[in-house]
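Chemist: For reference, the sequence and a predicted model appear below.
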Amino acid sequence: MLKTTNLSYAYAPGQGLSFPDIHCQKGEHCLILGQSGSGKTTLLHLLGGLRAPQAGEVMINGTALSSLSSAALDRFRGQQIGIIFQTAHFVQSLTVSDNLALAQHLAGVRPDRARIRNLLERLGLGHKGSARPQQLSVGEKQRASIARAIINQPAIILADEPTSALDDRNCGQVLELLEEQARAVDATLLIVTHDARLKGGIPNQITIGQP
Ligand SMILES: Nc1ncnc2c1ncn2[C@@H]1O[C@H](COP(=O)(O)OP(=O)(O)OP(=O)(O)O)[C@@H](O)[C@H]1O
């Protein structure tokens, strides 16, 4: 389902990052652990096709990301991959609901207002559909990010440090929410983090950045 081989990336000559191979089955939940600076965000960007690796390959659902043109990759990402970034990026001039409709539109899917309403309700944001992103609390923004990541029922959900800024109670809740939402759409869930609190929650773990 998600498979990488010999992935490496370099921001500058001589400063290459190499990653262990990852193999995550359909519906499986995996944790990628690594210290600050070990390359977690870089790896997540490679998995999501936001950066092209210097070497190696990312295969998602049998498709090699390197085989796609830039336009096809954008479409593929919109339909198959939901990404929860470390910091949420919403279009601030649009409502929460319209941000989700935009995610559907960009994936080539006709905006489905009933699905958007339903999803926001499931995530406890039913009353926030008409709010602007900047009117949401940190926790609400995070749930809105999760909603946007799963609106197109992606095959794979990638989350970058979703809990590192949260206290223990909210950390547990967000992990539960991510796992529940991934199960609801039978998606593979991959979380990159340095948050040791998640170690007990997801048994499937890969550590990066170790010599
Ligand atoms: N845009 C960039 N240009 C140059 N170097 C970068 C860039 N982004 C990251 N790096 C370097 O690449 C390495 C990996 O960075 P990355 O952000 O992937 O690590 P991380 O494990 O996600 O870190 P953190 O947990 O602190 O967010 C670091 O040494 C970082 O300084």
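Modeler: Nice, thanks for sending it over.
Chemist: Can I get the longest strand anywhere in the chain in CSV? Just the C-alpha atoms.
Modeler: Ranked by residue count, the top strand of the chain under DSSP state E comes out as strand 2-10. Extracted in CSV, the C-alpha atoms of strand 2-10 (Å, rounded to 0.1, in the frame of the first residue of the first chain):
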residue,chain,number,x,y,z
LEU,A,2,2.7,2.5,1.0
LYS,A,3,6.2,1.3,0.2
THR,A,4,9.5,3.2,0.0
THR,A,5,12.8,2.0,-1.2
ASN,A,6,16.2,3.5,-0.7
LEU,A,7,14.9,7.0,-0.2
SER,A,8,17.3,9.9,0.2
TYR,A,9,17.1,13.7,-0.1
ALA,A,10,19.6,16.5,0.1
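Chemist: Isn't Ile208 up against Gly37?
Modeler: No - contact criterion Cβ atoms under 8 Å: Ile208 and Gly37 do not qualify, at 10.9 Å. Just so you know, the C-beta spots here come from the backbone N, C-alpha and C atoms, and that holds for glycine as well.
Chemist: The two: which is more packed in?
Modeler: Counted by other Cβ atoms under 10 Å, Ile208 and Gly37 do not tie: Ile208 has more neighbours, with 19 against 11.
Chemist: got the contact list for the more buried one?
Modeler: The neighbours of Ile208, taking Cβ atoms under 8 Å, 6 or more residues apart in numbering as the test, are 19-20, 32-34, 38-40, 43.
Chemist: what sits against the nearest residue to it once chain neighbours are set aside?
Modeler: Nearest non-adjacent residue to Ile208, counting by Cβ to Cβ, 6 or more residues apart in numbering: Gly34, 4.1 Å away. Neighbour list for Gly34: 40, 192, 194, 207-209 [criterion: Cβ under 8 Å, 6+ apart].
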